[in-house]
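1. could you work out the structure for the sequence below:
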Amino acid sequence: MKLPSVRDILEEEERVKEIFKRSKSIEKALKNAKFITPERLLHICAEEKLKSLGYKIVRRDEAPDWIKKVGSPDIIAEKDGEFIIVEVKYSGQLERYSKAKKARFIIVTNVEEGSKVEIWGIKELEEI
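-> Next up is the predicted model:
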């Protein structure tokens, strides 16, 4: 198999983005992805969801210093002075656990305050 060029990957990202925007289905977008990873696909879908909510995607060099000081989030978005930082993580393990529909599913991590953390799954991304 021939390795994809950067152009091939960028064209695929645009194609997958359009499929997601039209269908609102991550599964359909993923079926049309040959070169991009599931994590990259989630990144694209998260940006589209934020845009649909009225947020502007902000480049890191345009972000306020207080965001730059904490690192390099995958996505930075802003609307009416409110900033959102997004870290996109694809995990087969989390996907597997989420299928236990009758059990509560808690993710424990080392963030300072869990009440400021939202988790978007496939359902939330597709609700545009």
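2. which stretches in this structure count as helices?
-> Along the chain, counting by DSSP state H, helices occupy 6-23, 26-31, 38-52, 65-68, 92-98, 122-126.
3. so for Gly81, which of these sits nearest?
-> Among the helices of the chain, helix 65-68 comes nearest to Gly81, with 12.9 Å by C-beta to C-beta. Where you see a C-beta, it was placed from the backbone N, CA and C, and this is true even at glycine.
4. where does the chain dip in pLDDT?
-> 1 (pLDDT under 70).
5. identify, out of the helices of the chain, the most deeply packed stretch.
-> When the helices of the chain are scored by mean count of other C-beta atoms under 10 Å, the highest mean neighbour count falls to helix 38-52 (a mean of 19).
6. so for Ile85, which of the helices of the chain sits nearest?
-> Going by C-beta to C-beta, the one of those nearest Ile85 is helix 65-68, 6.3 Å.
7. coming back round to it: for the helices of the chain, give me a markdown table that also has distance to Lys116.
-> Below are the helices of the chain laid out as a markdown table (distance: least, C-beta to C-beta, whole Å):
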| stretch | distance to Lys116 |
| --- | --- |
| helix 6-23 | 27 |
| helix 26-31 | 25 |
| helix 38-52 | 17 |
| helix 65-68 | 14 |
| helix 92-98 | 20 |
| helix 122-126 | 17 |
